[in-house]
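Participant: Got a predicted structure here, sequence first:
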Amino acid sequence: LQLVESGGGLVQPGGSLNLSCVVSGSPLHNWAIGWSRQVPGKEHPLKDREGVSCIRSSGRSADYADTVKGRFTISRDSAKSTVYLQMNGLKPEDTGVYYCGADCEAPVVDYWGQGTQVTVSS
């Protein structure tokens with residue numbers, strides 16, 4: 001399974017970004033795909049990665065971290081084998097490297113993309 005993220009960038013507080021995660025090597029409906037972020041200053045890349053959102057393999061429901069509820073929306077397009085993270089009302093504390101991973105419902109996420117940098121700053 002391969003995952004490739006894109007869509008990060010520099011945005012002002014209150015702005016929006018839409019991240020994409022293209023999944024290949026296995027049908028999207030086999031996997032619960034999630035977004036996590038690595039914030040600056042954390043020493044352990046995997047241990048300190050914060051789960052942001054997870055969309056179930058059925059695609060019918062999703063979970064969100066309390067810190068992003070009401071601002072972020074996860075969705076997927078099975079025809080394009082892509083999972084999106086629409087981020088609105090961005091705050092400086094949302095800054096970090098955003099990774100998509102599979103399977104976010106499993107005890108351990110075995111597959112990660114390379115990450116995309118999101119910087120929220122004026």
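Facilitator: On my side now, so go ahead. Numbers count the residues shown, from 1 in each chain.

Participant: Can you name the residues in contact with the strand or helix carrying S53?
Facilitator: Assigned by DSSP states H and E, S53 belongs to strand 50-55. For strand 50-55, contacts defined as Cβ atoms under 8 Å, 6 or more residues apart in numbering pick out 32-39, 61-65, 67-68, 72, 74-76, 83, 85, 96, 98, 104-105. Just so you know, the C-beta spots here come from the backbone N, C-alpha and C atoms, and that holds for glycine as well.

Participant: And stretch 17-26, by the same measure?
Facilitator: With Cβ under 8 Å, 6+ apart, stretch 17-26 has contacts from 1-9, 11, 31, 33, 35, 80-87, 90, 98, 100, 102, 113, 116, 118.

Participant: Which among those residues count as buried?
Facilitator: 3, 5, 7-8, 11, 31, 33, 35, 81-85, 87, 90, 98, 100, 102, 113, 116, 118 (16 or more other Cβ atoms under 10 Å).

Participant: Could you pick out which of these are located in strands?
Facilitator: 3, 5, 11, 33, 35, 82-85, 87, 98, 100, 102, 116, 118 (DSSP state E).

Participant: The most centrally placed residue in the chain: what's it in contact with?
Facilitator: In the chain, the centroid-proximal residue (Cα atoms, centre = their mean) is W35; its distance is 2.3 Å. By Cβ under 8 Å, 6+ apart, the contact list for W35 reads 19, 21, 51-54, 74, 83, 85, 98-101.

Participant: hmm, try it at 6 Å
Facilitator: Residues near W35 by Cβ atoms under 6 Å, 6 or more residues apart in numbering: V52, S53, L85, Y98, C100.
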